[in-house]
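Q: Need coordinates for the below:
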Amino acid sequence: MTASRTGPDPTVRNPQHPDALSAELAQLLRTGPFEAALRAAIRASRLSLERIQHRLRGRGTPVSITALSYWQSGRRRPERPDSLLALHELEQVLGVPEGALSALLGPPRPRGRTRQAPPDTPPLSALWAENESAAELLTRIDTSHDSKLTRLSHHDVVHVDHRGELRKIRTRMLVRAEGNGVDRWVIMFDGASALLNPPVVRPIRSCLLGQVLTDHARDLVVGELLFDRVLARGETVLLEFEIIDPPTGPNETDHSFCRLFRLPVRQYVLEVQFDPAHPPTRAESYVGDSTTQEVEPPKPLVVDRFGRTHAVALDFGMGVFGVRWHPAEGAAPAAPTG
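A: Numbering: from 1, shown residues only. Predicted coordinates for the structure are as follows:
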């Protein structure tokens, strides 16, 4: 049992003096954005979110771990008076100059029904900046329609085989046009299995396959799904498509699937269908920021007797939401080829 206490925590100061802040953190505290500066300050403090929460509570400004995660991922930011007071205390807990984080907030974000991309939303290619091949492929395809679509719902069903390897992703999504002339959805899939056979994209409902670009060395696909008709502002379209991934190599150790969101989605459901005869020993969901760095503890998932599990995110983005699993020991070996 841990003892609780009230009153100031005498050990709240970061042992790193503000004058000795890292160059990265110092730069972010000058230029922002807020969430990036907060993430860097938390990393520099070497404090877990649980310890930060404990220290803020001791200062009389309690903040939930979820709220702290949202602040550093950019999903939310402190705006209410109690949140701004807590942010002032958080600056002291993290050992950054007084007002350094608060100054990066700017004016309150507009609230309302329409979710168009704000001016500072990074382009689609920016999310793949560290993957030169993906960034290059995106320059060769029209992504201008992406910011004109509001993500109302998105449902991925991921099929996993008896060896714990991903085989197919079936996607059903509802989007709304926020301008006239919207006619396509751009998909990016990075299987990273480095095999000669790239994933196959198959349209199922309300769309046709347009231009498809592949990088065979990276198991990477960028493609257009052209709507059956051009949308006017306010119209919705219900899309359905699937991506069939070829078998991965024998040394593949990554058993996960994640979706990277540049713009918010009202409801995201990630369902995983395992082979009922070979369920995983463990499965969990996780949340990351736009750099894929995890921003909150993973949550364990229950796999039912039919081999199914799911995770849900509401009003999510920008960031990464995913599920990873651990295949059972002694899973059936890959079938021979050739």
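Q: Go ahead and flag the most central residue of the chain.
A: Val320 (1.0 Å; CA atoms, centre = their mean).
Q: Now do the SS call for that one.
A: Recorded secondary structure, Val320: strand (DSSP: H, G, I helix; E, B strand; the rest coil).
Q: Report the contact partners of it.
A: Applying CB atoms under 8 Å, 6 or more residues apart in numbering to Val320 gives the contacts 258-261, 286-290, 292. Placement of C-beta: from N, CA and C, glycine included.
Q: Identify those among the residues you listed that sit within strands.
A: 258-261, 286-288 (DSSP state E).
Q: ok, those vs Ile141, which is closest?
A: Ile141 lies nearest to Leu260 out of these, by CB to CB, at 16.6 Å.
Q: for that closest one, which residues make a bridge with it?
A: Leu260 has the following beta-bridge partners by DSSP bridges: Val320.
Q: What is the subsequent helix or strand relative to the helix or strand of the chain with the lowest mean pLDDT?
A: When each helix and strand of the chain is scored by mean pLDDT, DSSP states H and E, helix 132-138 comes last, with a mean of 68. Heading C-terminal from helix 132-138, the first helix or strand you meet, by DSSP states H and E, is strand 149-160.
Q: from the chain's centre, how far out does that following strand sit?
A: Averaging C-alpha positions (CA atoms, centre = their mean, to the nearest Å) puts strand 149-160 13 Å from its chain's average.
Q: what's the answer for stretch 224-237, then?
A: With CA atoms, centre = their mean, you get 25 Å for stretch 224-237.
Q: And it, what's buried?
A: For stretch 224-237, burial by neighbour count (16 or more other CB atoms under 10 Å) applies to 224-227, 231, 237.
Q: With stretch 79-87 instead?
A: Quick answer for stretch 79-87 (16+ other CB under 10 Å): 83, 86-87.
Q: pLDDT, distance to Ala103 and neighbour count added to the ones in strands among the contacts of Val320, as CSV?
A: Shown next, in CSV, are the ones in strands among the contacts of Val320 (pLDDT from 0 to 100; distance: CB to CB, whole Å; neighbours: other CB atoms under 10 Å):
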residue, pLDDT, distance to Ala103, neighbour count
Cys258, 91, 33, 18
Arg259, 91, 33, 20
Leu260, 87, 29, 18
Phe261, 89, 28, 20
Tyr286, 94, 31, 19
Val287, 92, 27, 23
Gly288, 88, 26, 17
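Q: For Glu136, state which of the residues you listed is nearest.
A: The nearest one, if we look at the ones in strands among the contacts of Val320 relative to Glu136 and count by CB to CB, is Leu260, at 17.5 Å.
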